[in-house]
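**Q** test case, fold it:
(chains A and B)
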Amino acid sequence: MTACFAGRISESMTDSIQVMVRCFAGLKEKIGKPEFSLVLPSGCSCAAFKEQLVASWPEAAVYSSRLLVARNGSYLNDSDLIHDRDELACFPPVSGG
Amino acid sequence: MPSKTDSSTENDNDDGQIQLRITREPIDDADLTKSVRSNRCGAVVLFLGTVREITGEKKTASLEYEAYEEMAMTELRRLIELTRQKWPVEKVSLAHRVGHLDPGDIAIGIAISTPHRQEGFEAARFLMDRIKETVPIWKKENWADGSADWVHPED
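**A** Next up, the predicted model:
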């Protein structure tokens, strides 16, 4: 019983990860808040993260694949892996200047 | 970490060769050019991005700029370094404004000093073009008819 319980805990820990996301500009308006957490499958790529985000907030679909993702101030590529407890930033194409 | 959008973020490094600022205050272009003047340089190039009132047939009432400040500062420093690897840039002074801007206001100012004019023109253009691509700052158009749109390059 105890072993089974411990087994389920460790299984759930390896199957999913949780990340914190800060969003900006039009994406922040679509989602309605500047920060949120998101549960993802472990081994999730940056591209899959964006798909999950749009699935959770269909209002963000207008940006879909054009969303940019950064971790620690550096841009991620679509194939980069997302890690448990990552603090990500996500936003639409930039338009400064 | 809360972003410090209500005050200037100033940073000097390389012994004062680079000055960077994201600010809610008006940008003084004379200050920018003055700060990059050097006896080692024969050229100072200044670029100002200003708020355009008329785009096609639409009239802009104001712009609202938002920045992800920590990353914008990191990205600006990276792009300035990249520029300095390509051209013999002596000094760079750069300010980007955020918050509410009216037509005619300066949104970004870049002053660059170089030994000769050709490299100054090229370096300033390169830096400004890269900033438009990757620095996390956004603008929202508040149109004169009361509608509003976030601006994105592919729009």
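**Q** contacts, neighbours, all on C-alpha from now
**A** Fine.
**Q** just say helix, strand or coil for B:Val89.
**A** Three-state call for B:Val89 (DSSP: H, G, I helix; E, B strand; the rest coil): coil.
**Q** please name the bridge partners of the closest residue to it other than its chain neighbours.
**A** Leaving aside its sequence neighbours, B:Val89 sits nearest to B:Thr114 (C-alpha to C-alpha, 6 or more residues apart in numbering or on different chains; 4.9 Å). Per DSSP bridges, the residues bridged to B:Thr114 are B:Ala43.
**Q** also B:Ala67?
**A** Using DSSP bridges, the beta-bridge partners of B:Ala67 come out as B:Ile137.
**Q** low-confidence ranges in chain B?
**A** The model of chain B has pLDDT under 70 over residues B:1-15, B:155.
**Q** alongside chain A, which residues does it contribute?
**A** Residues of chain B lying close to chain A by C-alpha under 8 Å from any C-alpha of the partner chain are B:49, B:65-66, B:68, B:70-71, B:74-75, B:96, B:107-108, B:128, B:131-139, B:150-153.
**Q** got the contact list for the spatially most central residue of chain B?
**A** Nearest to the geometric centre of chain B sits B:Ile108, at 3.2 Å (C-alpha atoms, centre = their mean). Going by C-alpha atoms under 8 Å, 6 or more residues apart in numbering or on different chains, B:Ile108 touches A:97, B:27, B:47-50, B:94-97.
**Q** list just the nearest of these to B:Arg40.
**A** Nearest to B:Arg40 among the contacts of B:Ile108, counting by C-alpha to C-alpha, is B:Leu94 at 19.7 Å.
**Q** what about the strands in chain B?
**A** Here chain B has its strands, by DSSP state E, at B:9-13, B:18-23, B:43-50, B:54-55, B:58-67, B:91-97, B:99-101, B:106-114, B:137-143, B:148-150.
**Q** tell me which strands the shortest one pairs with, and in which orientation.
**A** This means strand B:54-55. Strand B:54-55 has the following strand partners under DSSP bridges: strand B:58-67 (antiparallel).
**Q** can you give me the angle the partner strand makes with strand B:91-97?
**A** 110 degrees (axes from the mean of the first three to the mean of the last three C-alpha atoms, to 10 degrees).
**Q** tell me the buried residues in strand B:58-67?
**A** Neighbour-count burial for strand B:58-67, counted by 16 or more other C-alpha atoms under 10 Å in any protein chain shown, picks out B:59-67.
**Q** how about low-confidence regions in chain A?
**A** Chain A contains residues with pLDDT under 70 at A:1-14.
**Q** so for it, the centremost residue is which one?
**A** In chain A, the residue lying closest to the centroid (C-alpha atoms, centre = their mean) is A:Phe49, at 4.6 Å.
**Q** that residue reaches A:Leu40, doesn't it?
**A** Yes. Assessed by C-alpha atoms under 8 Å, A:Phe49 is found in contact with A:Leu40 at 7.2 Å.
**Q** which bits of chain A sit near chain B?
**A** Neighbours of chain B within chain A, by C-alpha under 8 Å from any C-alpha: A:24-26, A:72-74, A:92-97.
**Q** from the chain's centroid, how far away is stretch B:33-41?
**A** In terms of C-alpha atoms, centre = their mean, to the nearest Å, the centre of stretch B:33-41 is set 18 Å apart from its chain centre.
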